[in-house]
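# would you be able to build a 3D model of this:
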Amino acid sequence: MSLANYLRELDYDAHGGANGDTPWGRSREAESIRMYDEISAVLDATAQRPAPTDPPLRVVVDTAFVDAKPSR
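Got it, this is the predicted structure:
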(Lines give C-alpha, C1' and ligand atoms only; values in the text may rest on other atoms or scores of the structure.)
Protein backbone atom coordinates (compact mmCIF):
# COMPACT_ATOMS: atom_id res chain seq x y z
CA MET A 1 0.00 0.00 0.00
CA SER A 2 1.38 3.40 -0.94
CA LEU A 3 1.48 6.29 1.51
CA ALA A 4 -1.14 8.17 -0.52
CA ASN A 5 -3.54 5.23 -0.37
CA TYR A 6 -2.90 4.79 3.36
CA LEU A 7 -3.72 8.47 3.97
CA ARG A 8 -6.93 8.09 1.93
CA GLU A 9 -7.92 5.08 4.06
CA LEU A 10 -7.21 6.99 7.28
CA ASP A 11 -9.20 9.97 6.00
CA TYR A 12 -12.13 7.68 5.13
CA ASP A 13 -12.09 6.01 8.55
CA ALA A 14 -11.68 9.33 10.36
CA HIS A 15 -14.64 11.00 8.69
CA GLY A 16 -17.48 8.53 8.84
CA GLY A 17 -16.15 5.60 6.87
CA ALA A 18 -15.73 3.54 10.03
CA ASN A 19 -19.23 2.63 11.12
CA GLY A 20 -19.85 4.31 14.48
CA ASP A 21 -22.47 1.70 15.40
CA THR A 22 -19.91 -1.07 15.67
CA PRO A 23 -17.93 -1.57 18.91
CA TRP A 24 -14.65 -0.71 17.17
CA GLY A 25 -16.03 2.22 15.10
CA ARG A 26 -15.35 5.07 17.53
CA SER A 27 -11.90 3.72 18.42
CA ARG A 28 -10.96 3.33 14.76
CA GLU A 29 -12.18 6.87 14.04
CA ALA A 30 -10.08 8.39 16.85
CA GLU A 31 -6.98 6.38 15.93
CA SER A 32 -7.37 7.26 12.24
CA ILE A 33 -7.61 10.96 13.01
CA ARG A 34 -4.52 10.76 15.23
CA MET A 35 -2.43 8.84 12.70
CA TYR A 36 -3.52 11.11 9.82
CA ASP A 37 -2.58 14.19 11.87
CA GLU A 38 0.81 12.75 12.87
CA ILE A 39 1.77 11.70 9.33
CA SER A 40 0.48 14.83 7.62
CA ALA A 41 2.37 17.08 10.08
CA VAL A 42 5.67 15.44 9.08
CA LEU A 43 4.83 15.67 5.37
CA ASP A 44 3.68 19.29 5.64
CA ALA A 45 6.91 20.24 7.44
CA THR A 46 8.97 18.92 4.52
CA ALA A 47 9.91 22.04 2.56
CA GLN A 48 11.81 20.39 -0.27
CA ARG A 49 12.25 16.96 -1.72
CA PRO A 50 14.89 15.01 0.23
CA ALA A 51 18.06 14.00 -1.59
CA PRO A 52 18.29 10.33 -2.59
CA THR A 53 21.07 9.89 -0.03
CA ASP A 54 18.95 11.29 2.84
CA PRO A 55 17.34 8.81 5.23
CA PRO A 56 13.60 8.27 4.71
CA LEU A 57 11.14 10.45 6.60
CA ARG A 58 10.21 8.99 9.95
CA VAL A 59 7.05 9.39 12.00
CA VAL A 60 7.14 8.37 15.66
CA VAL A 61 3.80 8.16 17.45
CA ASP A 62 3.68 8.08 21.23
CA THR A 63 1.37 5.23 22.16
CA ALA A 64 1.38 5.88 25.90
CA PHE A 65 -2.31 6.77 25.83
CA VAL A 66 -3.14 3.32 24.43
CA ASP A 67 -1.33 1.61 27.31
CA ALA A 68 -3.15 3.83 29.83
CA LYS A 69 -6.63 3.02 28.50
CA PRO A 70 -8.56 0.62 30.74
CA SER A 71 -9.37 -2.69 29.08
CA ARG A 72 -13.02 -3.67 28.88
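
# show the average pLDDT along the longest helix seen in the chain.
Secondary structure of the chain per DSSP state H: the longest helix is helix 25-44. Mean pLDDT, helix 25-44: 80.

# what's that helix in contact with?
With C-beta atoms under 8 Å, 6 or more residues apart in numbering as the test, helix 25-44 has contacts from 3, 6-7, 9-11, 13-14, 18-20, 57-59, 61. In this view, the C-beta of every residue, glycine as well, is placed from N, C-alpha and C.

# out of the residues you listed, which comes closest to A51?
If you rank the contacts of helix 25-44 by distance to A51 using C-beta to C-beta, L57 comes first, at 12.5 Å.

# quick check: the closest one touching A45?
No. Between L57 and A45 there is no contact under C-beta atoms under 8 Å: 9.3 Å.

# those two: which has the busier surroundings?
Between L57 and A45, counted using other C-beta atoms under 10 Å, the more crowded position is L57 (12 against 8).

# that one - nearest residue in space that isn't next to it in sequence?
The shortest distance from L57 to any non-neighbouring residue, by C-beta to C-beta, 6 or more residues apart in numbering, is to V42 (5.8 Å).

# element containing L57?
Using DSSP states H and E, L57 is not contained in any helix or strand.

# that one and R49: what is the separation?
11 Å (C-beta to C-beta, to the nearest Å).

# sec struct for V60, please.
coil (DSSP: H, G, I helix; E, B strand; the rest coil).

# count the residues that sit near it.
Using other C-beta under 10 Å, the number of residues around V60 comes to 7.

# and V61, by the same measure?
For V61, the neighbour count with other C-beta under 10 Å is 13.

# for it, give me its contacts.
V61 is in contact with 34-35, 38, counting by C-beta under 8 Å, 6+ apart.

# can you tell me which of those lies nearest to T53?
Relative to T53, and with distances defined as C-beta to C-beta, the nearest of the contacts of V61 is E38, at 25.5 Å.

# from H15, how far out is that closest one?
From E38 over to H15 the distance is 16 Å, taken as C-beta to C-beta.

# noted, bye for now.
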